[in-house]
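K.L.:
how would this look folded up:
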Amino acid sequence: MTYSQQEPNDFLKQYIGCFWWLDNDSSENLNYTILPDGFFDVIVRFDNYNYQSTELTGLYTKEVKVLILPNHQLFGIQFKLPAAEYVFYESIAPLLNSEKKLPDTFLNLNSFDFSENSDTTDRLSSIISQEVNKENNLDDRKLHLFKLLSQTKGNERVSFYIDKLFWSGRQINRYFNKMFGLSLKSYCNILRFSASFKDLKRGDLMSNQNYYDRSHFNKEIKKYSNNTPKSLSNNQNDRFLQISIIPNM
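P.N.:
Numbers count the residues shown, from 1 in each chain. Got it, this is the predicted structure:
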């Protein structure tokens, strides 16, 4: 398996986590488990570099099993939450723990040459930047909330974000449920869960994230991965893709 990723330009960093590419250049099926990480993705599927389809995922609150056939490739855009409103202009709440097929012409993804990934991501970045600027209706309060969530990795009580924004908890939760399909607290828990991947990669079975105690940590890991911290840390056969791709420290 060949995996690579590329960071977005500075303007798009508040909307995109990364562009990624996965190529099963082996003769065997690859089986992976994808864990909740607080992002949603556009995924382009190829068979021997021939375009097949484009899908949009929602947020995930549980693990997802993925099978990649021999000589199949995936190109993905890992989107942050603000992109739902300012790139797609629609709620992704109906896609919670699921995905939907997009038109083949979405972002012209069916016409790009993915053997030249750097050029492709530059062109995509330009198209996505135009989408963000098209409506000119950015809400600074929302963007500040997303920035705080990224900085704290969800390791604060909901009251912390409410106090920083002067935005009521009821209004925030109404917005989160309408746009993303879950509450702010649930999203914070997912961010904290995904922030523990690096700790688990290096064998820390307690994590440096803000859990009450080891029992609480174990319970939360089990809730979102259906596995124990030890299983994630061992990562047998590199089955947990997000943990496998973290550089060794």
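
K.L.:
which residues sit in contact with the spatially most central residue of the chain?
P.N.:
By CA atoms, centre = their mean, the chain has its centre lying nearest to residue 39, at 2.3 Å. The contact partners of residue 39, taken as CB atoms under 8 Å, 6 or more residues apart in numbering, are 17, 59, 78, 79, 80. For the C-beta atoms, the positions are set from N, CA and C on the backbone; glycine is no exception.

K.L.:
Phi and psi next, for residue 76.
P.N.:
In terms of degrees, to the nearest 10, the main-chain angles of residue 76 are phi -130, psi 150.

K.L.:
so which two of the contacts of residue 39 are the farthest from each other?
P.N.:
17 and 59 (12.8 Å; CB to CB).

K.L.:
okay, now residue 156: neighbour count?
P.N.:
Close neighbours of residue 156, defined as other CB atoms under 10 Å, add up to 17.

K.L.:
how about it, what does it touch?
P.N.:
Contacts of residue 156 by CB under 8 Å, 6+ apart are 148, 188, 210.

K.L.:
Report the separation between the first one and residue 156.
P.N.:
Note on residue 148: its distance to residue 156, by CB to CB, to the nearest Å, is 8 Å.

K.L.:
Check the last one too.
P.N.:
When CB to CB is the yardstick, residue 210 and residue 156 sit 8 Å from each other.

K.L.:
which parts of the longest helix seen in the chain are buried?
P.N.:
When the chain is parsed with DSSP state H, its longest helix is helix 117-135. Buried positions in helix 117-135, judged by neighbour count with 16 or more other CB atoms under 10 Å: 117, 120, 121, 123, 124, 125, 128, 129, 132.

K.L.:
Need the contact partners of the lowest-mean-pLDDT helix or strand in the chain.
P.N.:
In the chain, the helix or strand scored least confidently by mean pLDDT, DSSP states H and E is helix 117-135, which has a mean of 84. Helix 117-135 has contacts (CB under 8 Å, 6+ apart) with 4, 6, 8-9, 11-12, 15-16, 19, 21, 75, 77, 86-87, 89, 107-109, 112-114, 138.

K.L.:
Sort out for me which of these are in helices.
P.N.:
Counting by DSSP H, these place residue 86 in helices.

K.L.:
Can you say which of the contacts of helix 117-135 are buried?
P.N.:
Buried members of the contacts of helix 117-135, scored by 16+ other CB under 10 Å, are 8, 12, 15-16, 19, 21, 75, 77, 86-87, 107, 109, 112, 114.

K.L.:
Just name the closest of the residues you listed to residue 244, please.
P.N.:
Among those, and counting by CB to CB, the member closest to residue 244 is residue 21, at 14.9 Å.

K.L.:
Please name the bridge partners of the closest one.
P.N.:
Here residue 21 sits in beta bridges with residue 4, residue 75, going by DSSP bridges.

K.L.:
pretty sure it contacts residue 49?
P.N.:
No. Contact criterion CB atoms under 8 Å: residue 21 and residue 49 do not qualify, at 11.3 Å.

K.L.:
shared neighbours of those two, anything?
P.N.:
73, 114.

K.L.:
Can you show me the strands along this protein?
P.N.:
If DSSP state E is used as the criterion, the strands of the chain fall at 2-6, 16-24, 30-34, 40-47, 50-57, 64-68, 72-79, 99-101.

K.L.:
Could you tell me which residues within the shortest one count as buried?
P.N.:
Counting neighbours by 16+ other CB under 10 Å, one finds that the buried residues in strand 99-101 are residue 99.

K.L.:
From the rest of the structure, what touches it?
P.N.:
Identification of contacts with strand 99-101 by CB under 8 Å, 6+ apart yields 43, 53, 54, 55, 56, 57, 58.

K.L.:
So this structure: which segments form each domain?
P.N.:
The chain is divided into the following domains under automatic domain parsing: 2-135, 140-244.

K.L.:
Understood, closing this out.
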